[in-house]
Each structure stands twice: as C-alpha cells, then as structure tokens.
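Undergrad: build me a model:
(chains A and B)
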Amino acid sequence: MLQRPRGTADILPNEQKYWKFIHEATAKVCEKFGYKRLDTPQFESKDLFIRGVGTQTDIVQKETYTFQDKGNEELTLRAEGTAPACRAYIENGMKNLQQPVRLYYHASIFRYERPQSGRYREHHQFGIEAIGDDSPLIDCEVIQIATDVIEVLGIPNTSLFINSIGGASCCRKDYLLSLKTYYSNHLELLCNDCNNRMENNPLRLLDCKQKQCQPFLEDAPHSIDSLCQECRDHHEKLLGYLDSLQLAYIINSKLVRGLDYYNKTVFEIQPETEGSQNTIIGGGRYDGLIEQIGGQSTPGIGFGCGIERLILNLKSNNIEPPEIYEKPVVICHMGEDALNIAVPLSKKLRSNNIHTIIAPYGKSIRSQMRYASSNDSDYVVIIGEEEIKQKTYRVKDMNKSTEYDLNESDLINLILKI
RNA sequence: GUGAGUGUAGCCAAGAGGCCUAAGGCGCUAGUUUGUGGCACUAGAGAUCGAGGGUUCGAAUCCCUUCACUCACCCCA
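TA: Numbers count the residues shown, from 1 in each chain, chains lettered A, B, ... in the order given. Below is the predicted model of the structure:
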C-alpha cells in the first residue's frame, strides 16, 4: 500500500479546528504588536541554511532535505524559519523600511529526523522576527508576544526560561574559554558526545543529558557571569522590562540553543508536563546572522513555535477550539422534478450564506432524513410532489421537530432567524 | 544513526497450532408497511490476519527475513 512518507501527517477535517484556532489566534496577537505576515518559499538554496544555521549544527549536518533540481541547483527544503526570513529581508531591501521590520510567518519545516511524540519530519511553525533593532526593548516585545500567544491559546502551567549567552564578537569567547577550562579537568569522565562538543560546540556541553555528565553541570560556569558590560546591560534591561510587565521568567544558565546564530538573549517556553520533546517556543537574538548570509550588519531577534506541539498541549489540557463547520441545511428531494427545484434552491440558500447540502441522489426519504440528522442539520427542506404542486417548501426544524410550508423568502428568513 | 515495543476490516479489538471459510463493539449501508431523522430492533457490506519465505498433515497463532508504526536516545519547535 502506498502511504505517506515517514514523519508526515494528514491533517484530517476533524483536526482542522485546532489549526484554524492557532493560526487565527497567533496572527491576531502578532498584528496587535504591529507584525506583518511574511511567506517564503518551501525550499531555498542549500547555502542559505549552511551559512545561516551553521555547519556544526545537527540540522545542517544530518537533518536537511537537500536535492538537486534539473538545473543542478542545490536546494534544501526549509529547515527553519529565521534564515529564510533574513534572506527575504536582505533580498527585498527591507533595510530601507522603518526599523525594526516586524514579521511573522506560518510555515512548514522539514527535518530528516526519527519521528517521535512531538517531533515530525514535516512540522509546522509559527514564528516571528524583529529585524533591525538591537535594543532590549525589542527582546521584551518578542518575549511578550510568545507569552501572549500561550495565554490566548489557554495553555496552562508553562515556564519561560531565559538566558544570555553573550555577544559573538565580545564576551562569548571568554565564556567558552572558562567553560572549556572547567570541563577539560573532567574529560575522561565525560561521554563521547561531550568530548566532541569540547572541540565543535562547547556551549552544548550544558544540555547533555547523559548520566555521567550530570555531576559536572552543577558547578559549570554560568554564561551570565562572563558577560561584558554591554551584554550585561542588555540582559538586565530586558529583565527590568519583563519585571515591569510582571511577567514571570526563570533564569536558566544551562539554556543554550542548537543553532549557531544565537547571541545574547535566548529563551524557551516549556509546559510543565513530562516528556522530552516539549519545548513549544524557542528563540533568541541573532545579531550576526544577516551579515553572515550576505547582508549588512543588522541585528535581529525572533522565535519559532511548534504548532503540532501546541496542539498536543491543547489536547492534553482538554482545550477544545471552536467548531469551524457550520451546520448545513439539507435539502431532501423525491424524484427528478424535485431535483430541478432543489438545485436552484441550494444556490439561492448559499448565496444567502446558508451552508447547504443536497441529500444524496436516489435514496429514500428516510435515508435522506438520516443523512441530515447525522450531519447535525438544524433545518431540513423537503421537496416532493405536494410541494411542487403547492409551489412551497416543507421545512422541518430538526430540534423542535416542527414543520412549516413556506415560500422561498420565508424559508430563508426562518433559517437566518430574521 | 542507536535501543525498546507494536502490527487482525475506516477505528477499537477477541484470538496463543486444527472448534477461524476470524468473535464482538464503533462507524458505514439498508429495512422496521404508505413522504420524515436522532433511540431501539433487524439485516448487510467491509479483512489476501503488515509483506515475503519457512516448519507442520494443518499457521492469525511457531521460526526467519523484511516493511511500517509508536516510544525513547541524539537534536530540536
């Protein structure tokens, strides 16, 4: 049997209410903060992700869907949202707009990973980017949007974690040095991965989950303690703004992120529930990224939010989004003559914004009524010989079980409750 | 890439070598007298028991291979 590729999903009609709810709620929050929607292509040149995300990241090393097109172009399915947004910023000359440029997106993300709960090869992210402003005020704004989104969706019991990993060209070096010095005393006791991380990505030493490495985490130096004056100011101002909002956060010195472009502020929102793939929002500042992919030096900050993970959380908290399908009026009909009336009537009803279904062809009236009932119809219109003769419509109010013989405009008024 | 678990109709499932030409439930279709639903009752359709091979007189049940799904590690949203 042909089946969908591993790690992908069909989003069935019954699931759509979750998606619509999230799409609408997130867009509304963003727009309230002056953010505007950006859509970028499903695939980009492979180079964008290599240069943007970083060669040492797992995403680039083993998770991209890369292919050659017929013109031998090396293309990669969108592996994350920030680099494409920055590419679009550069390519469309957005530096000429008022800064910061505030953008949000809803996009498919493709990563070749082994699927498990909360992780898929094609997943969907909602995200925002604020590009062209290096002030902590924008950090606060971005984080506020993240927490607002969680709030309007009604997901309870989440925690906001914040850290600063310093600037790439100022204090990060100092911190990495003290981290490496600290860990170099314990090399034999660390897991293989961590030994590799010492060379390739020392920050990641901090989120190793191997048992043997845990004892060293406790006393590992904190990045916050190595911040230079500017980064420290930035961090403290941000916390001050968050305090003024009475927004609860937890400073987490072990919070580092898996993409190379982050600097200064990094943050995540996690639910308190058990589970490993549970970060629902993750983001941070990326002041070097735009220059890295060929633009002028431009600061930026943003976050990504996993929609499937949001839905998992809505469900585990029994949050039901509003239904999206209106109850249809069903037109029951007996005979070909009736159909010649039913078809134009259905058009007329729909033109009055009434959701209308003509009952299936060639069925008994009983079957047609059953059909209407299982479609949750409030009103059923019946057209048979009698009605044709009288030039009326028999309407049944399915909730009250009462019937009326009405002309077309009275029928419409009844259904619209005018 | 590594490890563990699971694969029986659209969904949930019984079944543990012959009683399985595979139970039951949901859902689906139809009927329960004349043109009327929801409940109830009755009937029906729907399964090469994930696939391939082997053992056996006999396999959904045992063995091998393979595929898929799920969960965990890694990493991330």
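Undergrad: got the contact list for the residue of the stretch 151-300 of chain A found nearest RNA strand B?
TA: Closest contact between the stretch 151-300 of chain A and RNA strand B, by CB to the nearest atom of the strand, is at A:Gly258 (0.9 Å). In this view, the C-beta of every residue, glycine as well, is placed from N, C-alpha and C. A:Gly258 sits next to A:57-59, A:204 when contact means CB atoms under 8 Å, 6 or more residues apart in numbering.
Undergrad: try 6 Å
TA: A:Thr57 (CB atoms under 6 Å, 6 or more residues apart in numbering).
Undergrad: that's a helix at it, yeah?
TA: No: under DSSP: H, G, I helix; E, B strand; the rest coil, A:Gly258 sits outside any helix and is assigned coil.
Undergrad: so it versus A:Asp207, what's the distance?
TA: Applying CB to CB, to the nearest Å, the value for A:Gly258 to A:Asp207 is 8 Å.
Undergrad: average pLDDT across stretch A:117-134?
TA: Here stretch A:117-134 scores 96 as its mean pLDDT.
Undergrad: chain center to it, what's the gap?
TA: 6 Å (CA atoms, centre = their mean, to the nearest Å).
Undergrad: quick check, it touching RNA strand B?
TA: Yes: residues of stretch A:117-134 are located near RNA strand B by CB under 7 Å from any atom of the strand, namely A:117-120, A:123, A:125.
Undergrad: do stretch A:373-390 as well
TA: Yes: shown here: stretch A:373-390 in contact with RNA strand B (CB under 7 Å from any atom of the strand) through A:373-374, A:380, A:382, A:384-387.
Undergrad: and that stretch, what's buried?
TA: For stretch A:373-390, burial by neighbour count (16 or more other CB atoms under 10 Å) applies to A:375, A:377-383, A:387.
Undergrad: also stretch A:116-128?
TA: Buried-residue list, stretch A:116-128, by 16+ other CB under 10 Å: A:118-128.
Undergrad: mind saving the C-alpha coords of it as PDB?
TA: C-alpha atoms of stretch A:116-128 as PDB (Å, rounded to 0.1, in the frame of the first residue of the first chain):
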ATOM      1  CA  GLN A 116       8.500  10.500  17.900                       C
ATOM      2  CA  SER A 117       5.900  12.200  20.000                       C
ATOM      3  CA  GLY A 118       6.000  15.900  19.300                       C
ATOM      4  CA  ARG A 119       8.600  15.600  16.500                       C
ATOM      5  CA  TYR A 120       8.000  15.100  12.800                       C
ATOM      6  CA  ARG A 121       9.900  15.300   9.600                       C
ATOM      7  CA  GLU A 122       7.400  17.900   8.300                       C
ATOM      8  CA  HIS A 123       6.200  20.000  11.000                       C
ATOM      9  CA  HIS A 124       4.700  23.500  11.100                       C
ATOM     10  CA  GLN A 125       6.000  26.500  12.900                       C
ATOM     11  CA  PHE A 126       4.500  29.800  13.700                       C
ATOM     12  CA  GLY A 127       7.300  32.300  14.200                       C
ATOM     13  CA  ILE A 128       8.200  36.000  14.400                       C
END
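Undergrad: give me the number of residues near A:Asn313?
TA: 24 (other CB atoms under 10 Å).
Undergrad: which pLDDT value belongs to the nearest residue to it once chain neighbours are set aside?
TA: Counting by CB to CB, 6 or more residues apart in numbering, A:Asn313 lies nearest to A:Ile155, which is 4.9 Å off, once chain neighbours are set aside. In this prediction, A:Ile155 carries a pLDDT score of 95.
Undergrad: check A:Lys62 too.
TA: pLDDT, read off for A:Lys62, is 85.
Undergrad: same check on A:Asp260?
TA: On the pLDDT scale, A:Asp260 gets 84.
Undergrad: against A:Ile128, how distant is it?
TA: Taking CB to CB, one finds A:Asp260 at 20 Å from A:Ile128.
Undergrad: now A:Asp207
TA: 24 Å.
Undergrad: swap in A:Cys208?
TA: For A:Cys208, the distance to A:Ile128 equals 30 Å [CB to CB].
Undergrad: over to A:Arg257?
TA: 16 Å.
Undergrad: and what of A:Arg37?
TA: In terms of CB to CB, A:Arg37 sits 10 Å off from A:Ile128.
Undergrad: where do the contact lists of those two overlap?
TA: Between them, A:Arg37 and A:Ile128 share the contacting residues A:Tyr104, judged by CB under 6 Å, 6+ apart.
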